[in-house]
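[1] Sequence first, predicted model second:
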2 protein chains.
Amino acid sequence: MTEQYFGTRPTLEAVAARAGVSRATASRVVNGGTGVRPPLVDKVRQAVEELGYVPNPAARSLVTRRTGAVAVVVAEPETRFFSDPFFSQQIRGISKELSAHDVQLVLLLVEGPDDYGRISRYLTGGHVDGALAFSLHDDDPLPGITRGAGMLTVFGGRPGFPAAVPYVDADNRGGAREAVRHLQSLGRRRIAHIAGPLDQTASTDRLAGYRDMLPEADPALVAEGAFTTASGARAMAELLDRRPELDAVFAANDLMASGALRVLREHGRRVPEDVALVGFDDMVSIAEATDPPLTTVRQEIEEMGRLMARLLLRGLDQGVSGPAAPSSVITPTTLVRRASA
Amino acid sequence: MTEQYFGTRPTLEAVAARAGVSRATASRVVNGGTGVRPPLVDKVRQAVEELGYVPNPAARSLVTRRTGAVAVVVAEPETRFFSDPFFSQQIRGISKELSAHDVQLVLLLVEGPDDYGRISRYLTGGHVDGALAFSLHDDDPLPGITRGAGMLTVFGGRPGFPAAVPYVDADNRGGAREAVRHLQSLGRRRIAHIAGPLDQTASTDRLAGYRDMLPEADPALVAEGAFTTASGARAMAELLDRRPELDAVFAANDLMASGALRVLREHGRRVPEDVALVGFDDMVSIAEATDPPLTTVRQEIEEMGRLMARLLLRGLDQGVSGPAAPSSVITPTTLVRRASA
DNA sequence: CTGCCCGGTGGGAGCGCTCTCTCCACGGGC
DNA sequence: GCCCGTGGAGAGAGCGCTCCCACCGGGCAG
């Protein structure tokens, strides 16, 4: 732990000299130390310690052709990425998994529609070994870009893109079915749905789950929101206007459910007595804070992030050879019963 | 734009051969092209284009000793980092500035109190040219770590650490003074303060500004919160209990102000008639959504992020030689008058 | 007309590492 | 007792790039 501000950093050469071995042996020790006799291992370790040696990552990756870093690409036309706890939790999971494997996370924020060129250039540039991306909208150019760059990429959320790219997603459809099934088991017959933006598969999949259970449902019982509180309120008002006799609502996320809740109360409907309400996500800070607390479909967001990273790392390890595309993973959802339904 | 999935990527050598020049000349063109005659420049450019050449960053940084990346270190013992829009906006600013200079952002999330070793190792490892960090608490080990790593680091927020590290912060003290001055100009005499956690300089600086204007203020008019809505509500209740005669409140951020607002209303106090209320931050999504909308002290958060990055890049350019520590920057605040005061 | 200067170019070394290949020493089988 | 097999160590060749330095030729001063 010596000072090394100026005075060039020690190289492997220096370590080898100090330990009285060759550079090759020193390298072997630094990289795991298999096939080197214990006394030499100790000598090298000690030299490393004394010199404060740290391998030069550039030199290493020049020969290994691995960078030990992956990109996380975030398309964020509308500042949603950060404001939505969904992404932050996913990033947490990703970060945990990556750092456990000593892989670094390079954050690539898309700064606007004209910025994809930079992203693409970076990805082809060999700065990172692979990429993680979030597929927000059906027309997102990201899937095209990453495959164009020939870079192994795992997506968060099923891309609208019909290509066979690996992704991690919650069982949106199954979760939605469970939500509706629960409302039905409560004896509700006029079940409305507040959908998310229909250019996202998360929304369309949840809508599909709703329709699975209610194939004959009145189309007027479905309203489209935008995953925000305000849009949930708006959609709820619309539904009450169109079908005042509704007795249950399944909202495609908790934020919209909380907006709906407010409107229901303003219209004098008691929850759950008059109208039962189920959300999606189980964002605890929202679902537990409402009055009454929200019954909702829980998805393991951080775990999904972790899985994305794991899938990518595995694909990377399996090798440069062959189209080692990992298969996608769908994580289960669970219904969390609170008071709203 | 040829396929290059397999088949090794073209090197400078290949470009040079195709253009009929030496590797040195090709390199010159790729790096700006000064001192090379136009016809040759064109030839090289064309070869680059045809081959789809992209420089190998590892090889480049091996010799230049620059990585073209900076770390953003985020200590987040309590998941605050992402949930607080403050940081996300700051990151946006940072990302914009960095990508404009083709510098990458490596995100280092501290995964817990035991994780500082990894961070420190990474920073000393030569993976990045400099670092950006957020100083959250007075006892934060980050300032010590980055200087121990001998790495140029710019902080977001004045560190409690008494060291002379460069940082970017809003004029918290001046902003607080302005808030109180405004309340005084409204004729309020019993002005309370809801402070943030007092182990953060943002909180203590704002408290200091409050005290600047009210040196004789009753200590019972100050309550400590935690920058959250709930803590603001709690602090407000406490203040009303202790000093029911108060006629104004300056809260150290908008979140706490919104919590205070709710409690004031629950206690039958009209805002601003009975109690005038001023917040801090001007988080538009909060300040404009309350009823009445919040008068608050605005700080240019994204701009602060941009400044952090700019300061770091400048320091990096000024050179490896000498202790090129950039000086700190304090950004001005402005009072935004809405209806609450 | 000769020599010098200078812009433009190429040759080549070397950044710090990994990895293959060679070499050596030792031990065991016949 | 000899030879071969085996495991451990070292020498050396690059990985792809930048940059120093030598070189070359043309223009201009002497």
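    Nice, thanks for sending it over. These figures come from a predicted structure and were not determined experimentally.
[2] how's chain A carved up into domains?
    Domain assignment for chain A by automatic domain parsing gives A:12-55, A:69-169+A:302-330, A:172-299.
[3] Quick one: end-to-end distance for the first one.
    The straight-line separation of the ends of domain A:12-55 (CA to CA, to the nearest Å) is 7 Å.
[4] rank the domains of chain A by pLDDT, which is bottom?
    When the domains of chain A are ranked by mean pLDDT, domain A:69-169+A:302-330 comes last with a mean of 84.
[5] Do it and DNA strand C come into contact?
    No. Judged by CB under 7 Å from any atom of the strand, domain A:69-169+A:302-330 makes no contact with DNA strand C; its nearest approach is 12.3 Å. For every residue, glycine as well, the C-beta is placed using N, CA and C.
[6] and the longest helix for chain A?
    The single longest helix within chain A, with elements called by DSSP state H, is helix A:301-318.
[7] buried sites along it?
    A:301-313, A:315-316 (16 or more other CB atoms under 10 Å in any protein chain shown).
[8] Likewise for stretch A:19-33?
    Neighbour-count burial for stretch A:19-33 flags A:19, A:21, A:25-30 (criterion: 16+ other CB under 10 Å).
[9] Please apply the same query to stretch A:233-252.
    For stretch A:233-252, by 16+ other CB under 10 Å, it's A:233-240, A:246-252.
[10] which one of the residues you listed is nearest residue B:95?
    Closest approach between the buried residues of stretch A:233-252 and residue B:95, by CB to CB: residue A:252, at 29.5 Å.
[11] thought the closest one was touching residue A:280?
    Yes. The pair residue A:252 / residue A:280 is scored as a contact, 5.5 Å apart, by CB atoms under 8 Å.
[12] which ones are touching residue A:171?
    Neighbour list for residue A:171: A:330-333 [criterion: CB atoms under 8 Å, 6 or more residues apart in numbering or on different chains].
[13] roughly how far apart are it and chain B?
    Separation of residue A:171 from chain B (CB to the nearest CB, to the nearest Å) stands at 25 Å.
[14] which phi and psi does that residue have?
    As for residue A:171, its main-chain torsions (degrees, to the nearest 10) stand at phi -80, psi 70.
[15] Report pLDDT for it.
    With respect to pLDDT, residue A:171 scores 97.
[16] okay, now residue A:196: neighbour count?
    Neighbourhood size, residue A:196 [other CB atoms under 10 Å in any protein chain shown]: 27.
[17] that older thread, out of the buried residues of stretch A:19-33, list just those in strands.
    Assignment to strands by DSSP state E places none of the buried residues of stretch A:19-33 there.
[18] restrict those to contacts with chain B.
    Subset of the buried residues of stretch A:19-33 in contact with chain B: empty, counting by CB under 8 Å from any CB of the partner chain.
[19] With distance to residue A:339 as new columns, can the residues you listed be given to me in a markdown table?
    Listed next are the buried residues of stretch A:19-33 as a markdown table, based on distance: CB to CB, whole Å:
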| residue | distance to residue A:339 |
| --- | --- |
| A:19 | 67 |
| A:21 | 69 |
| A:25 | 67 |
| A:26 | 65 |
| A:27 | 62 |
| A:28 | 62 |
| A:29 | 61 |
| A:30 | 58 |
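[20] wait, which of those residues is closest to DNA strand C?
    residue A:27 (3.4 Å; CB to the nearest atom of the strand).
[21] Quick one: residues contacting the closest one.
    By CB under 8 Å, 6+ apart, the contact set of residue A:27 is residue A:12.
[22] The closest residue to residue A:182 other than its chain neighbours: how many residues sit nearby?
    Leaving aside its sequence neighbours, residue A:182 sits nearest to residue A:335 (CB to CB, 6 or more residues apart in numbering or on different chains; 5.8 Å). Using other CB under 10 Å, residue A:335 is surrounded by 16 other residues.
[23] Confirm that residue A:335 lies within a strand, as I assumed.
    Yes. Applying DSSP: H, G, I helix; E, B strand; the rest coil, one finds residue A:335 inside a strand.
[24] what residues does chain A put near DNA strand D?
    Applying CB under 7 Å from any atom of the strand, we find that chain A lies next to DNA strand D at A:21-25, A:35-37, A:40, A:59, A:62-63.
[25] Pick out the most distant pair among these.
    Greatest spatial distance in these: A:37 and A:62, 29.2 Å, computed using CB to CB.
[26] Give me the next element, helix or strand, following the helix or strand where residue A:259 lies.
    Residue A:259 belongs to helix A:254-266 when assigned by DSSP states H and E. Once helix A:254-266 ends, the next helix or strand along the chain (criterion: DSSP H and E) is strand A:276-281.
[27] Are that following strand and chain B in contact anywhere?
    No. Counting by CB under 8 Å from any CB, chain B is not contacted by strand A:276-281; separation bottoms out at 14.6 Å.
[28] What sits closest to the residue of the stretch 151-300 of chain A at minimum distance from DNA strand C if chain neighbours are left out?
    For the stretch 151-300 of chain A and DNA strand C, the shortest gap (CB to the nearest atom of the strand) falls at residue A:152, measuring 19.2 Å. Leaving out its chain neighbours, the residue that sits closest to residue A:152 by CB to CB, 6+ apart is residue A:130, at 4.4 Å.
[29] Which single residue in the stretch 151-300 of chain A comes nearest to DNA strand D?
    Relative to DNA strand D, the nearest point of the stretch 151-300 of chain A is residue A:151 (17.3 Å; CB to the nearest atom of the strand).
[30] List the contacts of that residue.
    Residue A:151 makes contact with A:123-124, A:128, A:130-131 under the criterion CB under 8 Å, 6+ apart.
[31] repeat for residue A:286
    Shown in contact with residue A:286 (CB under 8 Å, 6+ apart): A:254-255, A:258, A:279, A:294.
[32] And those, which two are furthest apart?
    A:255 and A:294 (10.5 Å).
[33] Of those two, which one has the most company?
    Neighbour tally, residue A:255 and residue A:294, criterion other CB under 10 Å: the higher count belongs to residue A:294, 30 against 27.
[34] mind checking the SS state of residue A:236?
    Classification of residue A:236 by three-state DSSP places it in helix.
[35] There's contact between it and residue A:260 in this structure, I believe.
    Yes. Counting by CB under 8 Å, residue A:236 does reach residue A:260; the two are 3.8 Å apart.
[36] quick revisit: I'd like to know how far the residue of the stretch 151-300 of chain A closest to DNA strand C sits from residue A:253.
    In this view, residue A:152 and residue A:253 are 30 Å apart by CB to CB, to the nearest Å.
[37] who has more neighbours, these two?
    residue A:253 (28 against 23).
[38] Tell me where chain A has helices.
    Counting by DSSP H, one finds helices in chain A at the ranges A:12-19, A:23-30, A:38-51, A:57-64, A:80-83, A:85-100, A:116-124, A:142-148, A:172-185, A:201-213, A:229-242, A:254-266, A:284-287, A:301-318.
[39] So is the fourth one next to DNA strand C?
    Think helix A:57-64. Yes. Applying CB under 7 Å from any atom of the strand, one finds helix A:57-64 in contact with DNA strand C at A:59-60, A:62-64.
[40] Please apply the same query to the first one.
    Yes. Applying CB under 7 Å from any atom of the strand, one finds helix A:12-19 in contact with DNA strand C at A:12-13.
[41] helices or strands next to that helix in the packing?
    helix A:23-30, helix A:38-51 (3 or more CB pairs under 8 Å, 6 or more residues apart in numbering or on different chains; DSSP states H and E).
[42] list the helices and strands the last one packs on?
    Here helix A:38-51 touches helix A:12-19, helix A:23-30, going by 3+ CB pairs under 8 Å, 6+ apart.
[43] who's in contact with that helix?
    So helix A:38-51 is contacted by A:2, A:10, A:14-16, A:18-21, A:25-26, A:29-30, A:33, A:36, A:53 (CB under 8 Å, 6+ apart).
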